[in-house]
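Engineer: Need a 3D model of the sequence below.
(4 chains)
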Number of protein chains: 2
Amino acid sequence: MSQRTRLTPEQRREQLLDLGIRLFAHHSLDEMSIDLVAREAGISRGLLYHYFGDKTAFREAVVRRAAEALVAQTEPPATGEPVERLLHSMAAYVDFVDANYEGYVSMVRGAASDPVLREIYDDAFGALGGRIFEAAPDFVPDTPAARLVVRGWLAMSEELVLSWKKDPAGLSREDLLGLLAGSLPMLLDSLET
Amino acid sequence: MSQRTRLTPEQRREQLLDLGIRLFAHHSLDEMSIDLVAREAGISRGLLYHYFGDKTAFREAVVRRAAEALVAQTEPPATGEPVERLLHSMAAYVDFVDANYEGYVSMVRGAASDPVLREIYDDAFGALGGRIFEAAPDFVPDTPAARLVVRGWLAMSEELVLSWKKDPAGLSREDLLGLLAGSLPMLLDSLET
DNA sequence: CCAGTCTATTGACAGACGTTCAATAGGCAA
DNA sequence: TTGCCTATTGAACGTCTGTCAATAGACTGG
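Structural biologist: Residues are numbered from 1 along each chain as shown, chains lettered A, B, ... in the order given. Here you go, the predicted structure:
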């Protein structure tokens, strides 16, 4: 049972992080105990501590990797109309959640409990929101109030996509995208009055 | 140290639930261990198990009580214009979060992790959303799509209020309320097109 | 082919927390 | 005061996190 396999630190780290991401699909963060991960990876508990320090650090590394994947995959195209680029980015977001539903839910749920995970999650969404201001500096004034509204809009978008995934409520993917992309300008407009 | 005080089951239950609510203000759900609650209440761990079965059941009881308080305090007035009543209810919500900020955050964060807590939280927000349809049956058609939008709007409202509480971003309480109450009709309108 | 060295990896151990249950003691009735 | 009912306790067990000295793969120079 204890057939030792010796890998380079890089390989081992990769293996464990990949495993963590995969376990996200079927286990919540709380269920992802050191015991489970070690057993699943075929290594001793001690090795996980050797590489990541403690349980929360391992979680952080896994969540950070998932968050980076989200940000990377929702990168809007470099050219095009602002509205068009926003629509593209939102479509990528919807597809990301659609493809990684269970894992995404685990990330969101887990991020809520731990402050450090929360920060990683916030940074990721901050990056998503920040693009809005970079992409359309003429239309969207970069004020604290606008930042606040974008934050709220992102929270709504997440809730809508997750709820839509569970029950589409008669809305097509395009309906949903139109709703998401259309609501942001409306919200920002209502701020000016 | 172990001066036993014998209470009636009702008194003891009340005491422990009240304590749980109070501990919410300074401890996350994870930090609220059986040990901590028992120590704080001046009782043995066993007694908590006697009354609530296990840790999750105690959490559920505390969160349920907090959720009930939220629903009760945001009850809209029975009479008045629909928009007026919505505004009243939202004002009560903002004030509730404002007054119980730490506890509210603990509830939201905790609800994310545990499925049962999630359900309690969802039911509470379902009740909040349900009022929208009861209050204005003429304006708001009760369709699955509209329910979905209200859900998203509630998520945005929560995020906006919590973020606003941390940093008002130059918005007054009235600005915020206007933004919240104004955005719902806009969102529902954009659904019809 | 063979030491010798480096370090990836392990297993045993301590502490914290959740949970169970038989024993204990507070208060009411007779 | 006596005796019963039951609210309450504390010890005991299992699981999980975290620590650390001991172990064993794999590469090096001879």
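Engineer: Which helix or strand contains the residue in chain A positioned nearest to DNA strand C?
Structural biologist: Proximity to DNA strand C, evaluated over chain A using CB to the nearest atom of the strand, is greatest for residue A:46 at 2.5 Å. Every residue, glycine included, has its C-beta placed from N, CA and C. For residue A:46, the enclosing helix or strand under DSSP states H and E is helix A:45-52.
Engineer: Mind checking the pLDDT average for that helix?
Structural biologist: Average pLDDT, helix A:45-52: 98.
Engineer: Check stretch A:82-90 too.
Structural biologist: 91.
Engineer: what about that stretch, near chain B?
Structural biologist: No: judged by CB under 8 Å from any CB of the partner chain, stretch A:82-90 makes no contact with chain B; its nearest approach is 13.4 Å.
Engineer: Need the residues that contact that stretch.
Structural biologist: Outside stretch A:82-90, the residues that touch it by CB atoms under 8 Å, 6 or more residues apart in numbering or on different chains are A:74-77, A:80, A:128, A:131-132, A:135-136, A:139, A:157, A:177, A:180-181, A:184-185.
Engineer: ranges for the helices of chain A?
Structural biologist: Ranges of helices in chain A, per DSSP state H, are A:9-24, A:34-41, A:45-52, A:55-73, A:82-99, A:101-113, A:115-135, A:144-166, A:173-192.
Engineer: Run through the residues that contact the spatially most central residue of chain A.
Structural biologist: Nearest to the geometric centre of chain A sits residue A:67, at 4.2 Å (CA atoms, centre = their mean). The neighbours of residue A:67, taking CB under 8 Å, 6+ apart as the test, are A:107, A:120-121, A:123-124.
Engineer: Swap in 7 Å and give it another go.
Structural biologist: Counting by CB atoms under 7 Å, 6 or more residues apart in numbering or on different chains, residue A:67 touches A:120-121, A:124.
Engineer: just curious, which of those residues is nearest to residue B:173?
Structural biologist: Proximity of these to residue B:173 (CB to CB) peaks at residue A:121, which lies at 27.5 Å.
Engineer: I'd say that closest one and residue A:112 touch.
Structural biologist: No: with contact defined as CB atoms under 7 Å, residue A:121 does not reach residue A:112; the gap is 8.3 Å.
Engineer: Which parts of chain A belong to which domain?
Structural biologist: Domain ranges of chain A: A:9-60, A:61-192, per automatic domain parsing.
Engineer: ranking these by burial, who's on top?
Structural biologist: Of all those, domain A:61-192 carries the top mean neighbour count, a mean of 18, counting by mean count of other CB atoms under 10 Å in any protein chain shown.
Engineer: per-residue pLDDT, the spatially closest residue to residue A:24 that is not a sequence neighbour?
Structural biologist: Spatial nearest neighbour of residue A:24, chain neighbours left out: residue A:103 (3.9 Å); criterion: CB to CB, 6 or more residues apart in numbering or on different chains. Among the per-residue scores, residue A:103 shows a pLDDT of 96.
Engineer: what do you get for residue A:136?
Structural biologist: 77.
Engineer: which non-adjacent residue is nearest it?
Structural biologist: Nearest residue to residue A:136, sequence neighbours excluded (CB to CB, 6+ apart): residue A:82, at 3.7 Å.
Engineer: how near is residue A:150 to residue B:12?
Structural biologist: Counting by CB to CB, to the nearest Å, the gap from residue A:150 to residue B:12 is 48 Å.
Engineer: Then residue A:167?
Structural biologist: Residue A:167 is 42 Å from residue B:12, by CB to CB.
Engineer: how much space is there between the closest residue to residue A:133 other than its chain neighbours and DNA strand D?
Structural biologist: Sequence neighbours aside, residue A:142 is the residue nearest to residue A:133 in space, at 4.7 Å (criterion: CB to CB, 6+ apart). Distance, residue A:142 to DNA strand D, by CB to the nearest atom of the strand, to the nearest Å: 40 Å.
Engineer: now do residue A:158
Structural biologist: 27 Å.
Engineer: Check residue A:11 too.
Structural biologist: 11 Å.
Engineer: Then residue A:98?
Structural biologist: 30 Å.
Engineer: which residues sit in contact with the closest residue in space to residue A:92 that isn't next to it in sequence?
Structural biologist: Closest residue to residue A:92 apart from its sequence neighbours, by CB to CB, 6+ apart: residue A:74 at 4.4 Å. Contacts for residue A:74 (CB under 7 Å, 6+ apart) come out as A:89, A:92-93, A:96, A:128.
Engineer: Low-confidence stretches in chain A?
Structural biologist: For chain A, applying pLDDT under 70 flags the ranges A:1-2.
Engineer: Get me the contact residues on it for DNA strand C.
Structural biologist: Within chain A, the positions lying close to DNA strand C (CB under 7 Å from any atom of the strand) are A:2, A:4-9, A:12, A:42-47, A:50.
Engineer: do that again at 6 Å, thanks
Structural biologist: Neighbours of DNA strand C within chain A, by CB under 6 Å from any atom of the strand: A:2, A:4-7, A:9, A:12, A:43-44, A:46-47, A:50.
Engineer: Show me which pair in those residues is furthest apart.
Structural biologist: For the residues of chain A next to DNA strand C, and using CB to CB, no pair is farther apart than A:2 and A:9, which are 20.3 Å apart.
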